[in-house]
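S.K.: predicted model and sequence below, questions to follow.
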Amino acid sequence: MRATNLASAETTIHLCSVRAGEGLYGVDTRAIREVLGNAAPQHVPLAPEYLAGMLTYRGEVLEAVSLRTLLGLENQAGVHRILVLEQDEGERFGLMVDSVEGMVSVAASTLESNPATLDARGEAIFDGVYRTDMGLIMRLDPRRLKPTELAQSGIFEARTANTRMEAR
Amino acid sequence: MEDLTKEFVAESREGLERMELCLTELEQRHGDGELIGEIFRVVHTIKGTTGFLEFSRLQTLAHTGESLLAALRDGRIQVTSELISGLLELRDGLQAIVEIIEARGSEGERHDDDDRDLIAWMKELEAGGALKFDGGLNRRRTGGKTATPAETTPQTPQATTTAGDTDKTLRIEVEELNRMMNLVGDLVLTRNRMLQCQPGDISYAEQVRRLNTVTTELRESVMRARMQPVGHLFAKFPRMVRDLAQKCGRKVRIEFEGQDTTLDKSLLEAVRDPLTHAVRNAVDHGIESEAERVRAGKPTEGVVRLRAYQQSGAVVIEVTDDGAGIATDRVLGKAVERGLITPEAASAMTEYEALQLIFVPGFSTAREVTSVSGRGVGMDVVRTNVEQAGGRVEVESRPGAGTTLRLRVPLTLAIVPALVVECEGQSFALPQGSLVELVYVPASEAVSAVERMGAAELYRLRDRLLPLVRLRNVLEIYDCDHSIDGQAQSHDTDTASATGLYIAVLEPEGRRFGLVVDGLRAPEEIVVKPLPPALREIKLYAGATVLGNGALAMILDAAAVAERGGFRVAQAEARALETARNMIAQSEETTGIEMESAMVLYESGRPGPDGVTRIAVPLHAVERIATVPINQVEYADATPVLQYEGSVIQLEDEGGLLAELDTARTGATVLICVTRGGRRIGVVVKNVIDVCAGELLPIDTAISNSPLARIKEKLTTVHRGFEISPRELETTEDRDHGTLVGAA
């Protein structure tokens, strides 16, 4: 797999396409360990806003990052889908999305860079965009979505004291 | 690193630890051939293995040591204290190289000093040049000492990393491992049977019971495997006490008891530092100098005794010295001198209470600062560390006969008994260790039971005032936005009057306070799960756990809650003010006290002409009572100012309170007041005494130039410029500049 990382024209990348709000986003399947269906993360008071809460996964406590919040959308009530992401044995965490659409295979070379007009939030979490039959798929960079990275980036407000997730 | 090298490092470490112990023992029992044999074997093993692994530097050093030890074994040289010192240095030299190997995988170069000195020294010793050696020793010692600042600073992190490294490996008996494997096998079988169970099967209940037994046994077995004898911890003390005693010029012997008592490995690491500190203290402060001991009719050699035993679910480690004990009068004197307590409080203190003062941060009774201890950090660190591990520290002193320090730690950290509390529908776990008691105030008394002093909420528990911290405030869960509009407060009162008040009395780091929660649930044994990094950052939670009902709950760190509670003081004060307003508004109908005549009574920094420092400000003029960190006070042309809600307000500082607070490094209490004309100023006050009804009197210049008010039947000076009624305040705001006469 490593060799395919080199951008040769034939390299195909498998993306898991997910939806949050209106947009379609893609996560490299190699970074996904599992997709959890009916997950309701437990809200943690005083946690940064982009953390929807925590959940247990294989006896471990994971943080769930809300893609909606990262995109500047309100969180929705109810049950969510959570992708458990882990790359290179690093920090494991959950990414909370509205729905998981399916697998999309794209040629690595068709990745286009972020439009210059993209705002800081988008710049911080997307590493490019693919044109597909389903429309544009913004590629999410799991490394940059790590809670610790998000905290360091400083773009996402560290904590809003009193907004409570509607879903609790 | 290669496995072989790793194994070598672990083995050498163990060997060197043993060597240290044997050496200190050898000093007591000079002719013990067995001890010499043991030491010889350690060095020999290291030499043999290094040759094989090609660590030539280590080999050379070990070789020199070996030949010295051979000379000792064959009786060619005698055991002297110099020889022991030399051998201890050899041990340290070997240890240093082993550590380098552990860190880098190769021996590398030691740049500061090389082994040549040490080898030369060994050779000299072997030749029997004991006296010549003394100079060498001192030179090395002093050389070592000058390097100390650089050396000791990285010492601590280094020590922790080594602790972390040793944490990675654990020796376990094969038998125990087999037992675990059997249990796991049993667990798998039980699961298989349960999978085959049909709904409504009678054997199902039996399987559940079986599962229960197997998990309990497995848990016990794993816990047992994690248990380590405390003897491991004690091993380094003989050497430490020896070195310390030499440095302090005292004779001290160390004794052990109950080394076989076992403790969870992680806890063992957690008490390592506090225990070291305690032993250090015992030698430095506890044991008297030789002359003093002779005068007291004690043997010249002092004894520090370490004793470990199990007691009701906890392991107790005692450090006892036969020194002079703690002089409570000196403790009290020091505490007063340091401004930790007032002389009045000191005279009222019981002996037990006085002894507790040694745990207060910044307290040290050492007459002078020595290199060993007495830098003001001491027992408070011991207590904090032990409490972090879920334990407790007790001290007992027998004047003239010695001091006993008791560290009480739970058997394990992985599973702790905890109380589950509720706040806003969410569950939180409070470890039992920090919990003192639970108080329930029935709904009928809930509102009146909470008293307010200035801003803080207090509860009178057996005639002692207990500051209250509301968990809701700490977690910043409000129903509305956090502007202080009294709604949240009234909500508190609502729930309190509906369900009563649940107070969990906590005492982390000696700060006793009551945590007000919405409800209590049954105590549970919780499995502590470490938090992921971003949640750890919040610094309020000690971990997370899965409760019996499957819900995740955060474990509250009592000390952090107290801290947060303190941070929230400013807000709590504002809320208290709001409540005062509400209360007065409510009582308006019943008691006839008018809202507009309520007064905030405070203590001013400068005594008035009659020496009275109580000053009043009409409540309606006070917008907020804020606690401001002193560094937020800025100066504009020597006038103290404060940035408040986007504007700069002038601070009125009567009697130079700010300068006082600046040296004390505490926060300043500021009344943010609105003057006539709608301008805001901040009045720096010593403290807020009360909010109560008062009657503003017309100014009569024949009596006094200051406006007066009648508060609680006593005349009180009203802060100039605020002697107005709210109606007038409004009208002056309209008119912007109006001439004002005291309200009649």
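M.R.: Arrived safely, thanks for sending.

S.K.: what about residue 100, how many residues nearby?
M.R.: Just so you know, I chose chain A. By other C-beta atoms under 10 Å in any protein chain shown, 18 other residues sit near residue A:100. From N, CA and C alone the C-beta is placed, and that goes for glycine too.

S.K.: looking at chain B here, not the other one
M.R.: What residue B:100 shows, counting by other C-beta under 10 Å, is a neighbour count of 18.

S.K.: tell me how far it lies from chain A.
M.R.: 28 Å (C-beta to the nearest C-beta, to the nearest Å).

S.K.: please give the element, helix or strand, for that residue.
M.R.: Here residue B:100, judged by DSSP states H and E, is contained in helix B:81-104.

S.K.: next secondary structure after that helix?
M.R.: Downstream of helix B:81-104, the first helix or strand assigned by DSSP H and E is helix B:115-127.

S.K.: sketch out the low-pLDDT regions of chain A for me.
M.R.: Within chain A, the stretches with pLDDT under 70 are A:1-10, A:89, A:157-168.

S.K.: now residue A:20, nearest residue through space, not along the chain?
M.R.: Once flanking residues are discounted, residue A:20 sits nearest to residue A:67: 4.2 Å by C-beta to C-beta, 6 or more residues apart in numbering or on different chains.

S.K.: right, and the one you found touches residue A:96 too?
M.R.: Yes: using C-beta atoms under 8 Å, residue A:67 makes contact with residue A:96 at a distance of 6.3 Å.

S.K.: and chain A, which of its residues are near chain B?
M.R.: A:42-48, A:51, A:54-56, A:59-63, A:91-93, A:147-148, A:150-151, A:161-162, A:164, A:168 (C-beta under 8 Å from any C-beta of the partner chain).

S.K.: any of those buried? List them.
M.R.: Buried residues within these, counting neighbours by 16 or more other C-beta atoms under 10 Å in any protein chain shown: A:42-48, A:51, A:54-56, A:61-63, A:91-93, A:147-148, A:150-151, A:164.

S.K.: restricted to helices, list these.
M.R.: Counting by DSSP state H, these place A:147, A:148, A:150, A:151 in helices.

S.K.: right, and out of these, which lies closest to chain B?
M.R.: Closest to chain B out of those is residue A:147 (3.5 Å), distances taken as C-beta to the nearest C-beta.

S.K.: for that closest one, which non-adjacent residue is closest in space?
M.R.: residue B:534 (3.5 Å).

S.K.: residue A:62 is in contact with the one you found, correct?
M.R.: No: contact between residue B:534 and residue A:62 fails when scored by C-beta under 8 Å: they sit 10.5 Å apart.

S.K.: list the buried ones in stretch B:69-83?
M.R.: Across stretch B:69-83, burial judged by 16+ other C-beta under 10 Å covers B:69, B:71, B:72, B:77, B:79, B:80, B:82, B:83.

S.K.: leaving out the residues flanking it, which one is nearest to the first one?
M.R.: It refers to residue B:69. residue B:40 (4.5 Å).

S.K.: check the third one too.
M.R.: Setting aside the residues directly before and after it, residue B:72 is nearest to residue B:36 in space (C-beta to C-beta, 6+ apart), at 5.7 Å.

S.K.: alpha carbons of the helix or strand harbouring that neighbour, in CSV - could you do that?
M.R.: Taking DSSP H and E as the definition, residue B:36 sits inside helix B:33-53. C-alpha atoms of helix B:33-53 as CSV (Å, rounded to 0.1, in the frame of the first residue of the first chain):
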residue,chain,number,x,y,z
GLY,B,33,31.6,-12.9,53.6
GLU,B,34,28.2,-13.7,52.1
LEU,B,35,27.5,-10.0,51.4
ILE,B,36,30.9,-9.6,49.8
GLY,B,37,30.2,-12.7,47.7
GLU,B,38,26.9,-11.2,46.6
ILE,B,39,28.5,-7.9,45.6
PHE,B,40,31.3,-9.7,43.8
ARG,B,41,28.8,-11.8,41.9
VAL,B,42,26.9,-8.7,40.7
VAL,B,43,30.0,-7.0,39.3
HIS,B,44,31.2,-10.3,37.9
THR,B,45,28.0,-10.9,36.0
ILE,B,46,28.0,-7.4,34.6
LYS,B,47,31.6,-7.8,33.5
GLY,B,48,30.9,-11.2,31.9
THR,B,49,27.8,-10.1,30.0
THR,B,50,29.4,-6.9,28.8
GLY,B,51,32.3,-8.7,27.4
PHE,B,52,29.9,-10.8,25.4
LEU,B,53,27.8,-7.8,24.3
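
S.K.: let me see the mean pLDDT of that helix.
M.R.: Computed over helix B:33-53, the mean pLDDT rounds to 81.

S.K.: filter the buried ones among the residues of chain A next to chain B down to the ones in strands?
M.R.: A:51, A:54, A:55, A:56, A:61, A:62, A:63, A:93 (DSSP state E).

S.K.: so what's the fifth one up against?
M.R.: Just to be clear, that refers to residue A:61. Taking C-beta atoms under 8 Å, 6 or more residues apart in numbering or on different chains, we find residue A:61 in contact with A:54, A:55, B:529, B:530, B:531, B:532, B:535, B:544, B:552.

S.K.: that one and residue B:553, how far apart?
M.R.: Distance of residue A:61 to residue B:553, computed by C-beta to C-beta, to the nearest Å: 11 Å.

S.K.: which neighbours do the two have in common?
M.R.: Common neighbours of residue A:61 and residue B:553 are listed as residue B:544 (criterion: C-beta under 8 Å, 6+ apart).

S.K.: if we can go back for a sec, is the residue nearest to residue B:69 in contact with residue B:73, as I believe?
M.R.: Yes: if you go by C-beta under 8 Å, residue B:40 and residue B:73 touch, sitting 5.8 Å apart.

S.K.: residue B:215 versus residue B:197, what's the distance?
M.R.: For residue B:197, the distance to residue B:215 - C-beta to C-beta - is 17 Å.

S.K.: scratch that, residue B:641 is what I was asking about
M.R.: Here residue B:641 is placed at a distance of 64 Å from residue B:215 (C-beta to C-beta).

S.K.: would you mind listing where the stretch 201-350 of chain B has pLDDT under the threshold?
M.R.: For the stretch 201-350 of chain B, applying pLDDT under 70 flags the ranges B:312-313.
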